[in-house]
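**Q** Have a look; sequence and predicted model below, questions after that.
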Amino acid sequence: MSTQQMKAIDAIQEAQKIALGPFLFQAVVSLRKLGVFDLIFSKRKKGGISIEEIASELSISEYGVGVLLEIAESSDVVVKNEVGGFELTKTGYFLTYNETVNVNLNFTNEVCYEGLFHLPEAIKTGKPSGLKVLGEWDTIYEGLSQLTPEVQQAWFEFDHHYSDGVFQEALRTVFKGNPKSIFDVGANTGKFAVAACGFSEEVTIKMVDLPGQLKKALANVKNNGFENRVTGHEIDWLSDNPSIPEGAELIWMSQFLDCFSKDEIVKILSTCVASMSDDAELLIMETYTDRQKFDNAKFILEATSLYFTVMANGNSKMYAAKDMIELVDKAGLTIKEDINVGEYHTIFICKKK
């Protein structure tokens with residue numbers, strides 16, 4: 001429904017949901033952490049469970065349980081049946097047990113919530129002004145290996161959730177031409193390198209990343225027994241003259257370029273072009289805002305852009321495919337193939353012009 005057609009009473013209700021949204025969000029986080037949702041769900045075949053019973057079983061005051069469930073009930077997260085027992089609604093169930101929702105909620109709470117308070121400053125300065133609540137770094141990538149375990153876990157679970165599910169399908173595209181030498185640019189924890197080595201017994205991988213992250217990735221590779229086929233190349237893409245070695249038959253970038261501004265993307269791609277032979281390919285896998293089938297997927301990407309603004313680096317976002325195509329062209333590449341992968345992802349197979 002267009003907002004112009006919405007009744008005033010409905011419009012103000014939507015406005016109040018936004019105005020008081022953080023209260024509901026933290027109430028849901030508390031209900032999850034305290035085990036209330038799990039307990040309610042476990043009693044679903046027994047007519048629900050009362051506030052008094054919840055308080056008793058979880059050793060929480062009735063007052064505490066009550067204030068949390070009141071706002072949850074008003075927001076259709078739980079419902080009270082005719083005998084006073086609480087049950088999860090479908091929304092409450094998904095908030096508790098849907099993997100994607102869980103990953104997004106934990107990422108929001110552990111990584112972004114406090115920092116989002118500094119969003120206006122980040123917009124004005126072009127700097128990740130909220131990052132200071134986690135540590136004193138210029139970008140979050142410099143501090144990934146130093147984050148607290150809870151924050152680090154939430155960050156990596158969010159990052160991996162939107163890539164791990166398509167790795168096997170993506171690897172079939174990566175190895176279509178049977179490359180023997182791959183550079184994994186933005187190696188993260190080394191998951192792609194491990195998956196690629198498991199996919200092909202002949203391939204060698206050079207992971208290209210920041211020193212702290214590369215150390216973690218190489219340790220992961222060693223734990224999986226592929227240290228003889230995987231090496232590392234330290235780089236800071238924001239330095240004046242970054243460079244990578246020559247010799248890659250294929251350069252792989254998965255959910256990497258969205259971590260940079262448009263000018264930085266052109267710089268990165270141009271650096272890669274300078275190292276590429278005429279036969280080499282560069283593959284970019286991203287989730288684009290204009291390639292999503294469902295509105296909620298587009299909404300997640302748009303929210304993620306605000307994470308980049310206030311927490312990550314202050315100047316990047318989740319891009320539209322049309323924008324990335326322009327940047328690829330500007331860097332001296334041409335897109336040979338444009339492939340949909342899984343529900344959310346697109347792979348551009350690029351060659352030097």
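**A** That came in fine, so what should we check first?

**Q** hey, let's count contacts and neighbours off CA atoms from now on
**A** Will do.

**Q** Could you find the closest non-adjacent residue to residue 71?
**A** The shortest distance from residue 71 to any non-neighbouring residue, by Cα to Cα, 6 or more residues apart in numbering, is to residue 24 (6.7 Å).

**Q** for residue 321, same thing?
**A** Residue 321 sits nearest to residue 288 (Cα to Cα, 6+ apart), 5.4 Å away.

**Q** Now whichever strand or helix holds residue 326: buried residues?
**A** Assessed by DSSP states H and E, residue 326 sits inside helix 321-330. Buried residues in helix 321-330, defined by neighbour count with 16 or more other Cα atoms under 10 Å: 321, 324, 327, 328, 329, 330.

**Q** what's near enough to touch the first one?
**A** Residue 321 is in contact with 288, 289, 290, 291, counting by Cα atoms under 8 Å, 6 or more residues apart in numbering.

**Q** In contact with the second one, which residues are there?
**A** For residue 289, the set of contacting residues under the criterion of Cα under 8 Å, 6+ apart consists of 298, 301, 302, 318, 319, 320, 321.

**Q** same deal with residue 127?
**A** 121, 309, 310, 313, 314, 315.

**Q** From those, pick the one nearest residue 234.
**A** residue 313 (19.5 Å; Cα to Cα).

**Q** circling back: so the residue nearest to residue 321 makes contact with residue 346?
**A** Yes - between residue 288 and residue 346 there is a contact under Cα atoms under 8 Å: 7.4 Å.

**Q** domains for this structure, by residue range?
**A** Per the record's domain assignment (automatic domain parsing), the chain is made up of the domains 8-97, 100-156, 160-352.

**Q** buried ones in stretch 170-184?
**A** Neighbour-count burial for stretch 170-184 [16+ other Cα under 10 Å]: 170, 173, 174, 175, 179, 181, 182, 183, 184.

**Q** Heading C-terminal from the longest helix along the chain, find the next helix or strand.
**A** Across the chain, the longest stretch assigned as helix under DSSP state H is helix 149-164. Downstream of helix 149-164, the next assigned helix or strand under DSSP H and E is helix 167-174.

**Q** contacts for that following helix?
**A** Helix 167-174 has contacts (Cα under 8 Å, 6+ apart) with 192, 195, 196, 199, 283, 341, 342.

**Q** at 10 Å what do you get?
**A** Residues outside helix 167-174 that contact it (Cα atoms under 10 Å, 6 or more residues apart in numbering): 163-164, 176, 178, 182, 191-192, 195-196, 199-200, 250-252, 254, 281-283, 285, 339-342, 345-347, 349.

**Q** Keep only those of the residues you listed that are in helices.
**A** Per DSSP H, the contacts of helix 167-174 map to helices at 163, 164, 191, 192, 195, 196, 199.

**Q** Show me which of those are buried.
**A** Buried among the ones in helices among the contacts of helix 167-174 (16+ other Cα under 10 Å): 163, 191, 192, 195, 196.

**Q** Lowest pLDDT pick from those?
**A** Minimum pLDDT for these is recorded at residue 163 (80).

**Q** Contacts only, for that residue.
**A** 170, 191, 192, 254, 255, 285, 286, 287, 342, 344, 345.

**Q** closest to residue 156 among these?
**A** Nearest to residue 156, judged by Cα to Cα, of the contacts of residue 163 is residue 191 at 11.1 Å.

**Q** mind showing which ranges of the stretch 1-150 of the chain have poor pLDDT?
**A** Where the stretch 1-150 of the chain drops to pLDDT under 70, the residues are 1-4.

**Q** mind redoing it with 90?
**A** 1-6, 83, 142, 144-145 (pLDDT under 90).

**Q** For it, which segments are assigned as helices?
**A** 8-19, 21-33, 36-42, 51-58, 62-74, 90-97, 99-107, 119-125, 140-143, 149-164 (DSSP state H, counting those that start in this stretch).

**Q** Just put the buried residues of stretch 170-184 in CSV and tack on pLDDT and distance to residue 77.
**A** Shown next, in CSV, are the buried residues of stretch 170-184 (pLDDT from 0 to 100; distance: Cα to Cα, whole Å):
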residue, pLDDT, distance to residue 77
170, 95, 37
173, 96, 42
174, 96, 43
175, 97, 45
179, 97, 50
181, 97, 51
182, 98, 47
183, 98, 46
184, 97, 42
